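Participant: predicted model, plus sequence, below.
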Amino acid sequence: MSGINGILSWKRDVRQCMTAMNRSLAYHDSALLDLPVDEHFALIQQQTKRDSSVAGVGHPGRFGDWVLAYIGKIYNSEELEKNLIYRGYSFTSANDAELVLKAWDCWGEECLPRLEGQFAFCIANAAEQRFHLCRDRFGTKPLFYSNTDNEFLFSSNLRTLMQARSRKPEPDLDALAVFLAIHYVPAPQTGWKYLQKLRPGHILTATYSGGQLQVAEPVAWHRPFSPIDTKEGISLDKLDRVLAQSVQEKMGNAPPIGAFLSGGVDSSLICHYASQHSTEPLHTFSIGFTDAGPEYDETAYALQAAQAIGARHHAVQVELGGISERIERILTEMDELNADSSVFLNHIVCEEASRYVSVCLSGAGGDELFGGYFRHQALLALELLHKIPKPLIRAVRAGLQPLPQNRDQRLGNLVRRLIRFFDQRDDEQSNFLTIIRQDRVYPQNPSFFQQPGIHTLLKALEFDFNHFLGDNILSFTDKVGTLYGLEIPVPFLDSKVVQLAEQMKNNQRATLFAKKILLKQLAARYFPKNLIYRKKQGFAAPLEVWLRNLSKEELKRRCLGESGAFLVPEPVINQLVDSFLDDRRDLSLQLFALIVMNAWYQGGN
């Protein structure tokens, strides 16, 4: 695992504190790059031996008056280096950090829009007594900080930051309420008071002198994703060219290269382009559960896609009975609050991929950019739903209620979705935010949901891109990839791809009857239509099956933790468990969120 840490303090021994911060990653066989700024301010670059062989990680850390602690990968480094050489700079290595140092020296913070990549860094100037924290435009790499009692700490790892603080962390109940509603915590909140996460595409600037610290509010250096409904839309040929170019740039020049492949539209397209530019057969990786039903196994589709492009496919088959131990271990290692079941699948597939490759492409971002979720269609259907009389909707819902509502069967999954959708009719204020909330069984009132309702597809896509992708998927993907020494490029998040996706017509995105319309048309150029236009399964672990294998007493014990008691009364939790096990109501996500929150809280204390 690689990471960056830093502390500015006048009341504690900086070197001693840095030693404590670095200790949290010592078991990963890490090496340290010590970067003192002055007697009160120090930075540390930490990396595993495997990371040190990856371009852009190990670096000298200094140029002129600037000191840099950096993690990440710059994909347009060759272009930037030529530009800087033209301006009089020279380079001693093919190293991203040297590039960032000299780009900052040349352009200051105006260099940030020039960097095409995934990164987080702190750059400091002792002579000017100021420093900057910077995060890439879409939030692929994390960066956390604490500014209390005239002391500033930062780290790319939340638990490291918690352990370095002089005070015991306190839970942020407002952030926990958000978590119970959407199962992740949007930046800048983290779940702990006084610990914040720098937002994607933001820069924080601070100055210090005479024992005093002045920290400005973070400001955006990149505008957020802002899709519009254009009259012309975009052409398939242009999308084809831009995606192909992005994949080629993200692959680098060091085979073997890998890619995650579910057999869905997004991952299949990325693998197609990668296979076109790879000098060796592309390694592809998928995962399936042998004893959890067909809803949780897409390996046959992944194999079909892999065969179509001549890839060397690796299918990981997992027995649900053997996953409990892995889930326990992942929960104890968790530093950020996240109840997305894909976290566990990412652990398993990243572990397998790390045996063969050090770079593994991801198809993340396709659903958010191109309109690929069922909830996008549900939003479009809300207007029609509100025209149907409430008594009729209630009668239909009552008829569905006795039917199975479980995720591991197609009928049960359909019934579950229909009931959730029909529930929206009871709320005259229903909108996209009410569709995505998971806290109906234990209602919360976090400040995050005091924002205006979301009633249009464009605003829903904007929310999903900035939050579900940026605060959730990218967060755990980087965490797991870093744990296994994998660089995980995300070609859909190339700025040119994102800018093109912003210019689509809405009917190229989603309608009541189709999702991801344009992207599927593109994928159909290269793959059989029965593969592209099949029912979407998604990348989710069979949590319901796992939870039902626990005894009632064990399930209640896991849900009834100290953190759960902050927001959900014990009688409510007991009733939820009884309904889940005895009445077979689909409450797996809500119960799992309580389990995750309790494990996270115990790990933080």
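Facilitator: Arrived safely, thanks for sending. Residues are numbered from 1 along each chain as shown.
Participant: helix or strand: which one has residue 22?
Facilitator: helix 14-23 (DSSP states H and E).
Participant: now what about that helix, what contacts it?
Facilitator: The contact list for helix 14-23 (C-beta atoms under 8 Å, 6 or more residues apart in numbering) reads 5, 7-9, 30, 32, 39-42, 44, 46, 153, 155, 160-161, 163-164. For glycine as for every other residue, the C-beta is placed from the backbone atoms N, C-alpha and C.
Participant: show me how to select, in ChimeraX, the buried members of the residues you listed.
Facilitator: Below is the selection syntax for ChimeraX that covers the buried ones among the contacts of helix 14-23, with 16 or more other C-beta atoms under 10 Å defining burial:
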select :5,7,8,9,30,40,41,42,44,46,153,155,160,161,164
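Participant: in CSV, list the C-alpha atoms belonging to the helix holding residue 22.
Facilitator: The C-alpha coordinates for helix 14-23 follow below in CSV (Å, rounded to 0.1, in the frame of the first residue of the first chain):
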residue,chain,number,x,y,z
VAL,A,14,6.6,16.3,14.5
ARG,A,15,9.1,13.5,13.9
GLN,A,16,7.6,11.4,16.7
CYS,A,17,4.1,11.9,15.4
MET,A,18,5.1,11.0,11.8
THR,A,19,6.5,7.7,13.1
ALA,A,20,3.2,6.9,14.7
MET,A,21,1.3,7.8,11.5
ASN,A,22,3.6,5.5,9.4
ARG,A,23,3.2,2.6,11.8
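Participant: strands - which of the contacts of helix 14-23 land there?
Facilitator: With strands defined by DSSP state E, the entries of the contacts of helix 14-23 inside them are 5, 7-8, 30, 32, 41-42, 44, 46, 153, 155.
Participant: how many other residues sit next to residue 347?
Facilitator: The local packing of residue 347 (other C-beta atoms under 10 Å) involves 22 other residues.
Participant: if we can go back for a sec, and the furthest pair within the ones in strands among the contacts of helix 14-23?
Facilitator: Greatest spacing in those, by C-beta to C-beta: 8 and 30 (22.5 Å).
Participant: tell me the pLDDT at residue 536?
Facilitator: Residue 536 carries a pLDDT value of 67.
Participant: re the thing from before, quick check: buried residues in the helix holding residue 22?
Facilitator: Within helix 14-23, the residues scored as buried using 16+ other C-beta under 10 Å are 14, 17-18, 21-22.
Participant: kindly report the same for stretch 451-471.
Facilitator: By 16+ other C-beta under 10 Å, the buried positions in stretch 451-471 come out as 454, 457-471.
Participant: average pLDDT for that stretch?
Facilitator: The average pLDDT within stretch 451-471 is 96.
Participant: gap between that stretch and the chain center?
Facilitator: On the basis of C-alpha atoms, centre = their mean, to the nearest Å, the separation between the geometric centre of stretch 451-471 and that of its chain is 15 Å.
Participant: send me stretch 556-573 as PDB with only the CA atoms.
Facilitator: What follows is the C-alpha trace of stretch 556-573 in PDB, where atoms were taken according to Å, rounded to 0.1, in the frame of the first residue of the first chain:
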ATOM      1  CA  LYS A 556     -29.200  -9.200  16.100                       C
ATOM      2  CA  ARG A 557     -25.900  -9.200  17.900                       C
ATOM      3  CA  ARG A 558     -24.100  -7.800  14.800                       C
ATOM      4  CA  CYS A 559     -26.700  -5.200  14.200                       C
ATOM      5  CA  LEU A 560     -27.100  -4.100  17.800                       C
ATOM      6  CA  GLY A 561     -23.800  -2.300  18.200                       C
ATOM      7  CA  GLU A 562     -22.900   1.000  20.000                       C
ATOM      8  CA  SER A 563     -22.900   3.100  16.800                       C
ATOM      9  CA  GLY A 564     -26.300   1.700  15.700                       C
ATOM     10  CA  ALA A 565     -27.800   2.700  19.000                       C
ATOM     11  CA  PHE A 566     -26.900   6.300  18.300                       C
ATOM     12  CA  LEU A 567     -29.500   6.500  15.600                       C
ATOM     13  CA  VAL A 568     -31.700   3.300  15.500                       C
ATOM     14  CA  PRO A 569     -33.500   2.100  18.700                       C
ATOM     15  CA  GLU A 570     -33.000  -1.500  19.700                       C
ATOM     16  CA  PRO A 571     -36.700  -2.400  19.400                       C
ATOM     17  CA  VAL A 572     -36.600  -1.200  15.800                       C
ATOM     18  CA  ILE A 573     -33.500  -3.400  15.000                       C
END
